[in-house]
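[1] no sequence on this one, just coordinates:
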């Protein structure tokens with residue numbers, strides 16, 4: 001099966017792998033682009049997860065303003081100033097700012113949810129629980145995850161590809177850059193709305 005150079009380049013761009021790996025993936029998938037992309041994303045995400053513990057001291061602060069009414073500013077960190085200056089990284093930071101402006105998360109990750117807020121929500125869900133008692137813990141855990149899903153940036157569906165979460169999108173960019181990437185903080189401002 002002949003595989004075009006355009007498909008190889010497209011796979012390379014979307015997955016962050018080298019040309020040789022992209023060609024090999026397409027050959028292994030018998031020219032099925034989607035199958036090859038899924039395999040490369042999985043491979044890239046595995047590598048990205050291994051980078052998750054590496055320290056991030058560089059990065060950028062980026063902002064997005066929507067229609068003069070909503071604005072978001074984000075701090076996104078990486079490992080080196082070299083990567084922080086790349087178009088791929090700056091584009092990522094800008095898209096994260098767009099996500100914050102659009103979806104209004106309250107926390108970067110689940111670890112950022114205050115224990116007091118967690119406990120209050122758990123108590124509320126427990127009080128209103130209707131179901132089998134033996135499955136209560138499992139059901140409450142699922143309800144807790146669902147309750148905070150749209151409030152946690154990394155758990156939100158990514159606005160430009162809802163098949164991915166924001167965390168998945170960041171992992172794809174980690175695979176492209178070869179460095180750990182962390183959203184450190186964000187702030188969202190909406191005209192006429194105060195906290």
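    That came in fine, so what should we check first? Note that this is a predicted model, so its numbers are computed, not measured.
[2] give the next helix or strand downstream of the worst-scoring helix or strand of the chain on mean pLDDT.
    Least confident helix or strand of the chain, by mean pLDDT, DSSP states H and E, is helix 33-51 with a mean of 66. For helix 33-51, the following helix or strand on the C-terminal side (DSSP states H and E) is strand 58-66.
[3] who's in contact with that following strand?
    Residues outside strand 58-66 that contact it (CB atoms under 8 Å, 6 or more residues apart in numbering) are 71-81, 83-84, 89-90, 93-94, 96-98, 100-102, 184. No exception for glycine: its C-beta is placed from N, CA and C like everyone else's.
[4] now these: which count as buried?
    71-80, 83-84, 89, 93-94, 96-98, 100-102 (16 or more other CB atoms under 10 Å).
[5] so which of those residues sit within strands?
    71, 72, 73, 74, 75, 76, 77, 78 (DSSP state E).
[6] how close does the first one get to residue 56?
    Spelled out, it's residue 71. 24 Å (CB to CB, to the nearest Å).
[7] next one: residue 36
    Applying CB to CB to residue 36 and residue 56 gives a distance of 30 Å.
[8] in terms of neighbours, single out the busier of those two.
    residue 36 (26 against 18; other CB atoms under 10 Å).
[9] so the more buried one sits right up against residue 28, yeah?
    Yes: with contact defined as CB atoms under 8 Å, residue 36 reaches residue 28; the gap is 7.2 Å.
[10] low-confidence stretches in the chain?
    Applying pLDDT under 70 to the chain flags residues 1, 13-18, 41-54, 195.
[11] how about 80 then?
    1-2, 8-22, 37-56, 128, 131-132, 194-195 (pLDDT under 80).
[12] just the helices from it, written as ranges.
    Remark: helices assigned in the chain by DSSP state H are 5-15, 19-28, 33-51, 81-84, 87-103, 115-127, 136-149, 166-177.
[13] so which of the ones you listed comes closest to residue 190?
    Smallest distance to residue 190 across the helices of the chain (CB to CB): 8.7 Å, for helix 87-103.
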